[in-house]
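K.L.:
have a look; sequence and predicted model below, questions after that.
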Amino acid sequence: MHGEIVELELKDEVSKGKGCIVFDLSCYFPYANQEDLYFDFQVGEEQLTDIKLNHRYPNHGYVTISKKVGRKLSKLGYPYFVELNTQQDILLTIKIGLKDDYITIVFPIHVTLTQDKPVCALSMKLSFDKMNFVFHSYWKDESGIGWHGTAWTNNVASISKLKERYVVELDTPTRLDKSVVIYHTVLEPVPQKLKDLLV
């Protein structure tokens, strides 16, 4: 998603000097019992209480996380606002499972947002059955015509290198116990100008 919707949702906070990481998180779970899916996330230690699961994609097999903004839902996913000009080294924690039986997957993120490039986006598509996932971050090329992307994944075979300029295979994770997995490869979403952000 690009253009008016991005600016409409983010410009007020960005104009006040805030930076924003847009998390576009989705889980492919094409089953009739989608109400049993447990899909949640947190940034650092912060418990996010304004999350709603919905279907932002045309393919309703994907369950997406959206931020509640008053009575509305974000069309981008979950815009997470941060301070500008500070390095953000944060842990992204994804929780996925059925009802009370879920696993926790932790990913380190590094980003520095500035006045010139105050926003970035990190998208994730996760396949529930195989627990394969891919993260994407896009940036506008120097010609200003199109975008390029980086993909981070635990299954390189699932990525078309024709679509992504860079593909990074995640390292072997550390398993703390049967329900907590930690990856060490750092995800680095690319800072952009607000008008150039592609979610």
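P.N.:
Happy to help now that I have it.
K.L.:
beta partners for residue 26?
P.N.:
Note on residue 26: beta-bridge partners by DSSP bridges are residue 64, residue 125.
K.L.:
distance check, residue 197 against residue 5.
P.N.:
Note on residue 197: its distance to residue 5, by C-beta to C-beta, to the nearest Å, is 10 Å. Heads up, the C-betas are built off the backbone N, CA and C, glycines and all.
K.L.:
of these two, give the one with the bigger neighbour count.
P.N.:
Remark: of residue 197 and residue 5, residue 197 carries more neighbours, 28 against 13, as counted by other C-beta atoms under 10 Å.
K.L.:
give me every residue that touches that one.
P.N.:
Residues near residue 197 by C-beta atoms under 8 Å, 6 or more residues apart in numbering: 2, 6, 10, 22, 119, 120, 121.
K.L.:
quick check on it: phi, psi?
P.N.:
According to degrees, to the nearest 10, the main-chain angles of residue 197 amount to phi -70, psi 130.
K.L.:
I figured residue 13 was touching residue 81, is that so?
P.N.:
Yes. Here residue 13 reaches residue 81: they are 5.2 Å apart, a contact under C-beta atoms under 8 Å.
K.L.:
who are the neighbours in contact with residue 103?
P.N.:
Counting by C-beta under 8 Å, 6+ apart, residue 103 makes contact with 95, 96, 97, 178, 179, 180, 181.
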